[in-house]
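> Predicted model follows, preceded by the sequence.
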Amino acid sequence: MLGKKGTKMTDSLFKINRGVSLTPQSGIPASPTDGDMYYDASLGSFVFYGDGKWMSLADRQDVASATDLTSAQLTAAKTQAPFIRITGSTLTNLHGMAAAPDGRQILVYNDTGLVISILHDSATEGTAANRIKTSNTGTISIRVGTAAIFAYDAGSSCWRAISIGSRDSGNASTFQGRLEDELVDSPYEFLTPNIFSTAEQTLADGSTTASFNFSDLTYDFTVGEFFLSANMCDPAYLASGRTIPWVDLTVSWLVAPTTATYEISQDGATWEVVSMSRVGTSDTFTGSLCFVGALDATPTLRVRITVTVGTGRLTGFGTFYGYTGAVSSTNVKPLEVFTFDGTTNPDTFTLTKFLPDPDLLCVYEVERGAAISGKVYRYGNFTLSGYQVIFPAGTFNTAGTCTLHFNQLSGSGFDNADVNAAVIAANHLGSESATLDRSIDGRGLYLRRPDGTLCEVTVSDLNTMVVTPV
């Protein structure tokens, strides 16, 4: 810049009171130095030079989708723009982009019809300084119609994926968070999630017949199609040498089918059905399974989901295993097994390891004669009297061997509250609140006479008191 009478003033600072007009340029000026600026006529934007690279103030660059995108396609001319749009219809893996000045942020928008996978520190990008690093050090995805924001970190010589957009609240991070919260509140030590928008097909067995939808990152089912998982066991759990006697399963659907069958195997070959319950009106289902018999070999925990009625779109699921929680005050696990001949027709079972709680106790009928039952009984199917669990007469009257698992593993401990709950249940106390009601038709309170005789006090249909010695 020249001052009065042509005096060169390149080392001076200037204050402009009104404005400055820059003649639009059709190309990049030669021999730029840090601090240079010009207005690019073709881009319609001011362009600045810093840290040895040009940066547009406002510009969009389009890049055609390809199986692999690297800095060969996302060149310095592309990454000088703050907004890059990926177009086309090819399933794309993004490995890297040309480096930019430190702190430079770029928004990459997915305008294809398929998911774009961002690969962490991928060697497919030949220049290490052009690679991308993700927060989870694994592959993450840009869903259709969403964008990701990248910032260049010159200190680490890489791009950082700092934000991934989502079209709805049913995204992977939300489901992942729900699973992690569920793990905290559960008696289990391990959780293996299989969420397709993050792990995609990495935990799917090759025999799966449901098809992966690269638009919504779901597995889509028609009637008879199934999803089969790979081994869901964490390597640390396998290394511990422990087996898996029981497991919890939580499944999330984007669109739930009318009916589906959920199965789990502890050896990868023998399947047992999980009885699942819908969580409210959501498309999330949960269930528990106590395996029949202990496995002597290293477990192969696999999940199989089959749609039997309607169609479905599966978001993912999580398996919980490795029990570490609830023990009684004597440090005994609240799990007791009874095996008996069904022809003896027992109806009363006295527990010796723990006091039954009407809210927590589940009785699993894992074997009934020659068949595997899988039926689960809850309070109401039986009554409680102290340590006794009482079923209606004839419940287990069958030929062959029966096996019942009395399982009270939910919760974290036992105190006087459990004793109180047991007394209330044994006395069949009623309430207008369905969650508090422990009443049973024709049953009443237990009271002891002065002579020591325990009696049950009930109310007849004529509203008269009836006292019967027990």
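Sure thing, it's come through.
> all helices in the stretch 101-250 of the chain, in order from the N-terminus.
Using DSSP state H, counting those that start in this stretch, the helices assigned to the stretch 101-250 of the chain run over residues 172-184, 196-199, 235-240.
> just those: most buried one?
When the helices of the stretch 101-250 of the chain are scored by mean count of other CB atoms under 10 Å, the highest mean neighbour count falls to helix 196-199 (a mean of 21). All C-beta atoms are positioned from the backbone trio N, CA, C, and that covers glycine.
> model confidence over it, on average?
The average of the pLDDT scores along helix 196-199 is 67.
> which stretch in the helices of the stretch 101-250 of the chain has the least confidence?
Mean pLDDT across the helices of the stretch 101-250 of the chain is lowest at helix 196-199; the value there is a mean of 67.
> if we can go back for a sec, nearest to residue 321, of the helices of the stretch 101-250 of the chain?
Go through these one by one with CB to CB and the one that ends up closest to residue 321 is helix 235-240, at 7.1 Å.
> contacting residues around the closest one?
Here helix 235-240 makes contact (CB atoms under 8 Å, 6 or more residues apart in numbering) with 190, 298, 299, 321, 322.
> Filter the residues you listed down to the ones in strands?
Of these, the ones assigned to strands by DSSP state E are 190, 321, 322.
> Kindly reformat the residues you listed as TSV containing pLDDT and neighbour count.
Compiled in TSV, the ones in strands among the contacts of helix 235-240 are given as follows (pLDDT from 0 to 100; neighbours: other CB atoms under 10 Å):
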residue	pLDDT	neighbour count
190	91	21
321	91	25
322	85	17
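> Domain-wise, how is this structure divided?
The chain breaks down into these structural domains: 60-164, 172-323, 335-426, 439-470 (assignment by automatic domain parsing).
> ranking these by mean pLDDT, which is last?
Between these, the model is least confident about domain 335-426 (mean pLDDT), which shows a mean of 80.
> starting at the chain centroid, how far to that one?
Its chain's C-alpha centre and that of domain 335-426 lie 31 Å apart, by CA atoms, centre = their mean, to the nearest Å.
> quick one: terminal-to-terminal distance for it?
The distance separating the two terminal residues of domain 335-426, taken as CA to CA, to the nearest Å, comes to 20 Å.
> just stretch 382-393 next, same as before
The straight-line separation of the ends of stretch 382-393 (CA to CA) is 10 Å.
> what sits up against that stretch?
The set of residues that contact stretch 382-393 without belonging to it, under CB under 8 Å, 6+ apart, is 345, 347-352, 355-356, 358, 361, 363, 377, 381, 406, 422, 425-426, 428, 440, 443.
> same question, stretch 28-37
Taking CB under 8 Å, 6+ apart as the criterion, the residues outside stretch 28-37 that touch it are 22, 38, 40, 46, 47, 48, 49, 50, 51, 52, 54.
> Buried residues in it, which are they?
With burial defined by 16 or more other CB atoms under 10 Å, the residues of stretch 28-37 counted as buried are residue 32.
> what is the mean pLDDT for it?
80.
> For it, measure first residue to last.
From its first residue to its last, stretch 28-37 covers 10 Å (CA to CA).
> Stretch 322-337 now?
The first residue of stretch 322-337 is 19 Å away from its last residue (CA to CA).
> Tell me where the stretch 351-470 of the chain has strands.
Under the criterion DSSP state E, counting those that start in this stretch, the stretch 351-470 of the chain carries strands at the ranges 362-368, 375-377, 383-385, 388-390, 401-407, 445-448, 454-459, 465-469.
> these two touch, right, residue 223 and residue 307?
Yes: Residue 223 is in contact with residue 307 according to CB atoms under 8 Å; the separation is 6.0 Å.
> And the residue nearest the centre of the chain, how close does it get to residue 80?
If you average the C-alpha coordinates of the chain and look for the closest C-alpha using CA atoms, centre = their mean, you land on residue 176, 3.8 Å from that point. Residue 176 sits 35 Å away from residue 80, taking CB to CB, to the nearest Å as the criterion.
> quick one on the thing from earlier: okay, the domains of the chain in JSON lines with distance to residue 32 next?
As requested, the domains of the chain are exported to JSON lines (distance: least, CB to CB, whole Å):
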{"stretch": "domain 60-164", "distance to residue 32": "12"}
{"stretch": "domain 172-323", "distance to residue 32": "42"}
{"stretch": "domain 335-426", "distance to residue 32": "66"}
{"stretch": "domain 439-470", "distance to residue 32": "86"}
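> So which of these is nearest residue 26?
Residue 26 lies closest, by CB to CB, to one member of those: domain 60-164, at 14.6 Å.
> beta partners of residue 376?
residue 364 (DSSP bridges).
> ok, it touching residue 364?
Yes: under the criterion of CB under 8 Å, residue 376 is in contact with residue 364, at a separation of 5.6 Å.
> who has more neighbours, these two?
Between residue 376 and residue 364, residue 364 has the larger neighbour count (other CB atoms under 10 Å), namely 24 against 18.
> Test my guess that that one contacts residue 290.
Yes: using CB under 8 Å, residue 364 is in contact with residue 290, at 4.8 Å.
> any common contacting residues for these two?
When contacts are counted by CB under 8 Å, 6+ apart, residue 364 and residue 290 are jointly contacted by 405, 407.
> tell me the contacts of residue 40?
Taking CB under 8 Å, 6+ apart as the criterion, residue 40 is in contact with 24, 25, 28, 46, 47, 56.
> and with 7 Å instead?
25, 47 (CB atoms under 7 Å, 6 or more residues apart in numbering).
> gap between it and residue 57?
Applying CB to CB, the value for residue 40 to residue 57 is 10 Å.
> and the strands of the stretch 351-470 of the chain as TSV, adding distance to residue 121?
As requested, the strands of the stretch 351-470 of the chain are arranged in TSV below (distance: least, CB to CB, whole Å):
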stretch	distance to residue 121
strand 362-368	46
strand 375-377	47
strand 383-385	58
strand 388-390	57
strand 401-407	45
strand 445-448	69
strand 454-459	72
strand 465-469	76
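> List the buried residues in stretch 205-223.
Neighbour counts using 16+ other CB under 10 Å place 205, 208, 210, 212, 213, 214, 216, 217, 218, 219, 220, 221 of stretch 205-223 among the buried residues.
> So the third one is in contact with residue 220, correct?
Yes: counting by CB atoms under 7 Å, residue 220 is a contact partner of residue 210 at 6.2 Å.
> re the thing from before, as TSV, the helices of the stretch 101-250 of the chain with distance to residue 68 would be great.
As requested, those are arranged in TSV below (distance: least, CB to CB, whole Å):
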stretch	distance to residue 68
helix 172-184	24
helix 196-199	20
helix 235-240	30
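> Select, out of these, the one closest to residue 316.
Closest to residue 316 of the helices of the stretch 101-250 of the chain, according to CB to CB: helix 196-199, at 5.3 Å.
> Look up the closest residue to residue 275, ignoring the ones flanking it.
Residue nearest to residue 275 in three dimensions, not counting chain neighbours: residue 287, with 5.4 Å by CB to CB, 6 or more residues apart in numbering.
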